[in-house]
Each structure stands twice: as C-alpha cells, then as structure tokens.
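Enquirer: Whatever this is, show me its structure:
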Amino acid sequence: MATYSMLKRSLIAGAAIGGLCQGTAASAQSAGSPEASEGNTETSVIVVTARKREEALQDVPIAITNFSEQAIRDSSSRNIADFLQDTPGLSISDNGGGLSTITLRGVATDLGGNAVGYYLDEVPFTGVTVPINPDVRSFDLNRVEVLRGPQGTLFGEGSQGGTIRILTNDPNTSRIEARGETFYGFTDGGEDSYGVRLMANLPIVEDVFAIRGVFMQEEEGGFIDIANPGTMVPGFPQFDTPADIEDDINDQELTSWRVKARLTPTDNLDIIGTYWSYDNNIDSVARGNDDLIASARTLGGVEYDQVTARVSYELPFGSFFYAFGDIDATIANNAEVPGVGPFDAIIGLDVQTHEARFSGEIAQGLNVTLGYFRREATRLDIISAPDILLLSTTTVETDADALFGEVEYAFTDRLRFAAGLRYFDETLNSVEAGTGFGGGPLPSIPIDEDSSDFSPRFILSFDATDDVLLYASAARGFRGAQPQAGAVLPLLALLPDPPPQILSPDSIWTFEAGAKVSAWDGRATIEAAVYASDWDSRTVRLAIPGTGLNALTPSDGLDIFGFDLSGSLQPIDGLTLLAGISYVDATNKSDVPGTAIVEGDIAEEVSDFTANASATYRAPIANSLEGFGRIGFNYATERDNPAFPGLIGPGDDIFQLDARFGLEGEFWGVYVFGDNLTNEDGAISSRALGAGGDFESLRLRPRTIGVELSLTY
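Expert: Reported below is the predicted structural model:
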C-alpha cells in the first residue's frame, strides 16, 4: 500500500501525463499487580494526566475510565477495541482495515472530522474532515485514559464526546527489560489466528540514554464466507461457472513496530523521540448476513507512520512541555456498491502538529495550564467508480492555530473552581479535479473557508470528605468546517434544496454533575455522572437519488441525556470485581429535509444501554508460582441508523463473554483464553441490503479458544 507521500508523487506524475476497565477505581489498577498478589491491603494511587498535569484519579473532577498496563494484559486483548467497550457509554464498530467508529455518550460520526478525540501518546491522530480512529495493538501500553464528555478546551477540535489517550511505555534508562508473547487461537467455523509480540529495552548510557523497541506480527483468520452466484452463458454451456461458497474471506495480516529513544541529560530535562509504524491489510470486512455469508467483498487496509518528539523541562514552580507529531497515513477501501458497481476510495493524510504548554502551581492553591497548538494538514482523496465514469481527486489543506488555558483555584482545602478557554482559528482550502458521476467534469471552483471558535469549560468541585468528591461542570466541544466530496459536487444540482459546498463548524455543550466515592482504604470505589448535551449543526448524509452516492447536509442536531455508573470492589486480597452501566438517550431535534430522519429518531449507531462486569483473581500457589483467572462480559442494546441510505433495520442486542486462565512464574506465564464464549453472532451495526438481497451487518468473531505464552526479563 502506498503511503501518502507516494500517492502525492504518483498523482503529480499522473497529472503531468494525462490531466478491563479501570473505571474510577483506585483499587482496580492493582488487579493482578504485585500489591494484590503479595497480600498488601493498601492500594496504590492511580495517577492520570487528564488535565495535562499529573493528578490522582480520585481528585480529578472529570468522568474518567483508566486502563492500567496490568489490566490490559489480564484481559488478553489483541487491540484496544477489545477492552475500550468496558467504558460506560462507549461502543465501537470495527469498519475493517483497522478503522473503527467510536461512539461515546451518544456522540459519533462517520462524517467530517473526529467527534471523539484520539491521541497516540501526546499527539492527536486527527483525520482532517474524515473521522479516523486507527487500530492500536494492546502490547507494551502504559495505560489508556478515556475522558468522557467534551474536552475541547485542553484537547482541541474533535473532542466533543470525549477523548481517548493511548500512552505507551517510555524507555527505561536504568535497566534492561524484555518481553515476548505469542498466541494461537482456534475459531469456530473459521480460520486459526496467531501472532508474536516482542519488546526490548536497552539502556545505552545508564540513567541518561535508552532505546525501547516493540515489534508485532499477527495473522487473523477469516470467518466470513462469500456466495459466488455463478454464471450462465446461453448457447455456450462450456463457459458456465457453477455457484459456490468461498470460505473465510476476511483474513487480516498485520505488522506494527515502534522505536522510542529517551535522553535525560539532567534531572529536570527529558527528551523522547518515537517512530511508530502500522500496516494492516484486510481481504474483506467482517460483514455478512445471519449465516455469516457476504454477497460481495469489501477490501481494505490502513497504513500509518508517525514520528513524534517531546521535550519536558521541570521548573521549581511547574513544567514546560513541547510535542511535535508527523502522521503519514493511507486508508484504502475497495467495494461493490449497489447501483454504483466497483467503488475504490483511497485517502492519503499528511498531518503535522506542534504543541507547547506550561503547567504549574504558581501560587498557593492556584494551578495554571497555558498552551499553544498548531496543525498543518493535507488530505488527498482518490475516488474511482468505472461503471459510472467517476474518477476524482480532492485535495484539502488546513492550517489551524489555537491558544488555550485553564486555571484552577482552591478557595478552601475542599472547594475548587476551574475555568478554561480555547480559541481556535482554521483556514481550509479544497480543490477538486477529474470527472464526476456520469463522466461530467468537476467544478473547478476552489473552496476557501476561514472559521474560528471558542471552547470554554467550567468545573466546580467539592471534597465532601476525604473520600467523596462532588463536581458540576459545563463544557463545550467543537469541530471545524467540512467540505463536500468533490465527486458529488456536480450532483448537488439534482437536489431540490442543495446543501452548501462547505458545511459550517458544529459544536456541543454538555452539562454534567458527578460524584467519586472511595471507601475501605480504596478497596471499594463508585463513580457516577449524569449529563445533558446539546449538539448543534450536526452533519448528516443526504442521498442523491438515482446515483447510489450521498452528499452532506446540516441538521439542527441532537438532544442527549444520559448517566454513567461504575464501580470496583476488592473483597479479599487478589480479587477485583468491576462493573459499569450507562444509559443514553440521543435523539434528533427535528426532521432533516431530503433524508429519512424525523424528529425524535435515535442517533445513528448508538446503543441506549450498555453494561459490563468482570472478576479477576490472582493467588499464590507454591513458591513463586501463581494462579490467575479472569472472566468478563459486556452487553449493548441494538444500534440503528436512520440517516444512512441503504440501511434497513437495526442490529441486535449484543452479549459478549470472555475468559482467561493461567499459571504465572517469576519470568513466564502460560494461559488459555476464550473469546466470545457464547458464540454471539448477532448484527453489531445496522443491517444493510447486500448485493445478494440479504440483510448484512458487521459481526463478531465466532467463539475462539486459544493458548498464550509470555516470557519476561
């Protein structure tokens, strides 16, 4: 698969030629930790950086789900989608090729930029007018933080429903470390899966310079079959081909690696550079009918390379931080679209970001965070549908600058107030070339749009006791302007009320009240939050009759109401119980002319109720040998999508049960695991009418039983 830079060069040449959910639990992070296994009744404090400064999780007046490294290992997760759904109010649909649609508190979109922020370490992975939530394999991760509710003030554009922060382990400058994992899984009715993961940490100069390398190679076997209808040639039976079924078409081949280098020349200066590479090729999306049979292939793949550098310098009264990121990504999809025929789409992205900020307590009880952010991005779309004579390229360039800050003041030892603001300014340019539907030339009028926005946040928090935190907040999230795809511009005239060539920014206000309770020396915790959100000017799809294509159109938006509840309990040493539930009511404010959306329709792909629970137990057996066991489930109600043309009917309620058991020595572990033990085969997403006439949807991998081996030095 070509990278973005290769695509750019080829297009220039072509033009020249032819024109385990940690929840809020302070105790949950010790599930499977040395403290738990050694019978220690004290639990360590979880430290997070949800407000771009280190704080104890219990003290942060934001709804946060934190997944520790040990909890991620214990869950036997292959990628972050496997455990993120243990977050209250969050659901994921894997769209294939390593991309996912993430819904958080009723906020999701497959249109425009990300509606849920997505960070790899300290750098945002933003798609620039296309939502991208790339797969990340869950190996050598330090932790994953899910911040629920708008985070636009500190994390910027796209963090309307919340922000997901994936934080990898930094190099250790003081000791050699190594870890290896391998697994083999057997899938009911499908192909086997297997993989290997390796990590090595090498101090080159003790306490000064170190390198950490990670490598992953995985093969995921297919389980979706495809029906070949065969052909008949009248008068020439020798050319007839029989109907048949081709098995297991949706296998994947994934390779990912990253290298981190760390330099700490002084006690207060820390410099880290990272190169991260990911390549996933998928032979077809995991979409089929109730018999797991697809009517057509949907090939896909994602490749990205990310270079980052970050510098932190500790001052007597705070810290200075700078982060640079460069993302070079390619997303490819090849499908058979009813009414259109073969449809190929390639998206190339080149995104550079800079962020500089200061955080510190500049006076007694006064914490300040101030920063500047810049993004320069280019997105290149290539769309080809030969049956309808469509061949277009669209180039979108954006320059964005932001100033942000947040101040928190402690009026007393128990009462705190925080106020923050982000000013965002963006320039967007878009140019189309090629032919549209039916071979007609695309308009050559370039789009040039400037937009700006303010995103405030206010939080009042009160420590009712040392173990009870109450808070109330109001926060605003936003996204930038969104251009129409070049391929549909000539078709807008076919609509009775054509939408604009570029859609205005959209925004969301969320008002929230919550509580965090810790008891029994942190061995029991509860987090609860209730919220109401007003999402204005949300973009939805608008079908263009007779073409099989769709444009974008603004709507009045959504009214959202919901609550989250999660908790943890360590009744005995080594045993951790986690549970969470959420309810969300996300409905359209009004009818959307030209679409099937009517007032009161539920937002697309939102489960109104989700629940999860898990039990993890680790106990000594003899000498350094320990036994381990974990069982967990998550449940989500059906998802519908009244906005998307071609979708007919909702999906199914989904119940997924997983388990993992093993023996662990000082430097090794051997495990058996079972994924989707109930063999849940319902429709994850809304059903669509496939080319063969059946209703098709995304599906879970069938029951998979396997073994794992890990070695640690």
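Enquirer: Spell out, range by range, the helices that occur in this protein.
Expert: Residue ranges of the helices in the chain, as given by DSSP state H, are 4-18, 34-37, 69-74, 81-84, 152-155.
Enquirer: Can you flag the weakest of those helices by average pLDDT?
Expert: Comparing mean pLDDT across the helices of the chain, the lowest value falls on helix 34-37: a mean of 32.
Enquirer: longest strand anywhere in the chain?
Expert: For the chain, the strand with the greatest residue count under DSSP state E is strand 341-363.
Enquirer: Quick check: buried residues in it?
Expert: Within strand 341-363, the residues scored as buried using 16 or more other CB atoms under 10 Å are 343-353, 355, 357-360. The C-beta positions use only the backbone N, C-alpha and C, and glycine is treated the same way.
Enquirer: Next: stretch 271-286.
Expert: Neighbour-count burial for stretch 271-286, counted by 16+ other CB under 10 Å, picks out 271-274, 276-286.
Enquirer: Looks like residue 392 contacts residue 432 (just checking).
Expert: Yes: with contacts counted by CB atoms under 8 Å, residue 392 reaches residue 432, the gap being 6.2 Å.
Enquirer: ok, those two, which is more surrounded?
Expert: With neighbours defined as other CB atoms under 10 Å, residue 392 and residue 432 compare such that residue 432 has more, 27 against 22.
Enquirer: quick one: the more buried one from residue 337, how far?
Expert: 20 Å (CB to CB, to the nearest Å).
Enquirer: now residue 670
Expert: From residue 670 across to residue 337, the span is 47 Å (CB to CB).
Enquirer: out of those two, which sits in the busier spot?
Expert: Comparing residue 670 with residue 337 by other CB under 10 Å, the one with more neighbours is residue 337, at 17 against 13.
Enquirer: partner residues bridging the residue nearest to that one when sequence neighbours are not counted?
Expert: Leaving aside its chain neighbours, residue 337 sits nearest to residue 343 (4.4 Å; criterion: CB to CB, 6 or more residues apart in numbering). In this entry, residue 343 is beta-bridged to residue 335, by DSSP bridges.
Enquirer: surely residue 343 meets residue 386?
Expert: No: using CB under 8 Å, residue 343 makes no contact with residue 386, being 9.4 Å away.
Enquirer: on that earlier part again, okay, and the common contacts of residue 392 and residue 432?
Expert: Residues touching both residue 392 and residue 432 by CB atoms under 8 Å, 6 or more residues apart in numbering: 442, 486, 487.
Enquirer: which of these are buried?
Expert: Judged by 16+ other CB under 10 Å, buried ones among the shared contacts of residue 392 and residue 432: 442, 486, 487.
Enquirer: And for residue 496, the neighbour number?
Expert: For residue 496, the neighbour count with other CB under 10 Å is 6.
Enquirer: Over to it: give its phi and psi.
Expert: phi -60, psi -30 (degrees, to the nearest 10).
Enquirer: Over to residue 317?
Expert: Main-chain torsions, residue 317, degrees, to the nearest 10: phi -120, psi 10.
Enquirer: What is the neighbour count of the nearest residue to residue 403 once chain neighbours are set aside?
Expert: Nearest non-adjacent residue to residue 403, counting by CB to CB, 6+ apart: residue 423, 5.0 Å away. Here the count is done by other CB under 10 Å, and residue 423 has 13 residues near it.
Enquirer: Spit out the contact partners of residue 423.
Expert: Residue 423 makes contact with 402, 403, 404, 452, 453, 454, according to CB under 8 Å, 6+ apart.
Enquirer: Kindly provide the distance from it to residue 373.
Expert: Distance of residue 423 to residue 373, computed by CB to CB: 10 Å.
Enquirer: what residues do the two have in common as contacts?
Expert: By CB under 8 Å, 6+ apart, the residues touching both residue 423 and residue 373 are 402, 403, 404.
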